[in-house]
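Enquirer: for reference, the sequence and a predicted model appear below.
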Amino acid sequence: MKAYVIEQPGDAQALQLQDIPSPEPKQDEVQIRVRAFGLNRAETYLRAGKMGEITAPRVPGIEAVGEVIHDPAGVFRTGQRVATAMGGLQFGRNGSYAEQVTVLRDNVVSLDGSTLSWEELAALPEAYLTIWGALDKSLAIQPGQTLLVRGGTSSVGMAAIAYAKARGLTVIATTRSAANSQRLRDMGADQVVIDSGEIAQRVRELAPAGVDAALEVVGAATLRDTLKTVRPFGAVSVIGLLGGAPVLEQLHLMQDLPGAVRLNFFPSGLLGTAAMPLKDSPLAWIAEQVAAKRMPSIRARTFAFDEVRQAHRLMESDRALGKLVVVL
């Protein structure tokens, strides 16, 4: 099978298209014919050598959609439409930048019956499964609440806006550029705040008692300010590191952490584990909502398999404003 392989860290040219063997699935695995996959920052970090030394050829990619080739246990049938994300992809096993991928069965979700195209399905798994974990599991969102999405123009931020709105929440989203405001409103944001680095006062004008929950996509750089926007007994979940290293120096528990506000970091590595079995995920429902146009698509652009390098360059330029996907 053909796959993109990284042998040495570098820029987009480090992605080399090669012929490699397709691993046979073990008893707890499923072999999938990849029809499309979404692109993620984690893949650029791996390629650039920011995720440890590359001592052996690595196939990047942490998500994919496609059709089952073989499931030794017979849980999934041959030809069944499925999605997969995480489960060691690109770290402990070959990633999804390939014509075929072998994954842990616990990290496979059925998409039976979905009428969405492969390119639209490819925009869903990693972004929406992460949002499911952060919003439903970590923040326990409820209809009628107000959610702040700090970093709304990232693909996962857009997924958060669309999902929260579909779940009946009021959404305040941030962007550093006023030019992106309409894009966020199109995704479902009720209010858009231009992020100067300090937005707590403006958010408090919109929600005087404080927001019920906040999703922090920017990371440590803006976390102290985000905490100030949340009401007592509200919560903040950090899922992104767009603002730099995940280090918050000299955190003062009494001054920086408002009274009774909960703080956590949600890692998508939990997806498919005993703590978060994907059979419980709303991914099929989300695909149905997008197909019926009750939720907007977060896909920004589609690339062919031989355009992966070009797609990486666009992703690193921060000009995508949505999810980039590759179709095989």
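Expert: Here it is on my side, so go on.

Enquirer: ok, residue 121 - contacts?
Expert: 36, 65, 81, 83, 111, 114, 287 (CB atoms under 8 Å, 6 or more residues apart in numbering). In short, each C-beta sits where N, CA and C put it, glycine included.

Enquirer: to which secondary structure element is it assigned?
Expert: Element membership for residue 121 (DSSP states H and E) is helix 118-122.

Enquirer: state the next helix or strand along the chain beyond that helix.
Expert: With DSSP H and E, the next secondary element past helix 118-122 is helix 125-131.

Enquirer: centre of the chain to the next helix or strand after that next one, how far?
Expert: Using DSSP H and E, the next helix or strand after helix 125-131 towards the C-terminus is strand 146-150. Counting by CA atoms, centre = their mean, to the nearest Å, strand 146-150 is centred 16 Å from the centre of its parent chain.

Enquirer: what's strand 146-150 packed up against?
Expert: helix 155-166, strand 170-175, strand 211-216, helix 220-227 (3 or more CB pairs under 8 Å, 6 or more residues apart in numbering; DSSP states H and E).

Enquirer: how is the chain divided into domains?
Expert: Annotated domains of the chain cover 2-123+297-327, 127-269 [automatic domain parsing].

Enquirer: tabulate those domains (TSV), appending mean pLDDT.
Expert: As requested, the domains of the chain are arranged in TSV below (pLDDT from 0 to 100):
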stretch	mean pLDDT
domain 2-123+297-327	96
domain 127-269	95
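
Enquirer: let me have those in a markdown table, adding distance to residue 291 as columns.
Expert: Converted to a markdown table, the domains of the chain look like this (distance: least, CB to CB, whole Å):
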| stretch | distance to residue 291 |
| --- | --- |
| domain 2-123+297-327 | 5 |
| domain 127-269 | 13 |
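
Enquirer: go through the ones you listed and name the closest to residue 275.
Expert: domain 127-269 (8.4 Å; CB to CB).

Enquirer: the nearest residue to residue 82 once chain neighbours are set aside: how many residues sit nearby?
Expert: Nearest non-adjacent residue to residue 82, counting by CB to CB, 6 or more residues apart in numbering: residue 108, 5.2 Å away. Close neighbours of residue 108, defined as other CB atoms under 10 Å, add up to 24.

Enquirer: likewise residue 181?
Expert: Residues near residue 181, counting by other CB under 10 Å, number 18.

Enquirer: do residue 322 as well
Expert: With other CB under 10 Å as criterion, residue 322 counts 21.

Enquirer: ok, it - contacts?
Expert: 123, 155, 158, 183, 298-301.

Enquirer: helix, strand, or coil at the closest residue to it other than its chain neighbours?
Expert: If the residues on either side of it in the chain are set aside, residue 322 comes closest to residue 300, at 2.9 Å by CB to CB, 6+ apart. Local secondary structure at residue 300 is given as strand here, using DSSP: H, G, I helix; E, B strand; the rest coil.

Enquirer: quick check: buried residues in stretch 130-141?
Expert: 130-139, 141 (16 or more other CB atoms under 10 Å).

Enquirer: many thanks, I have nothing further to ask.
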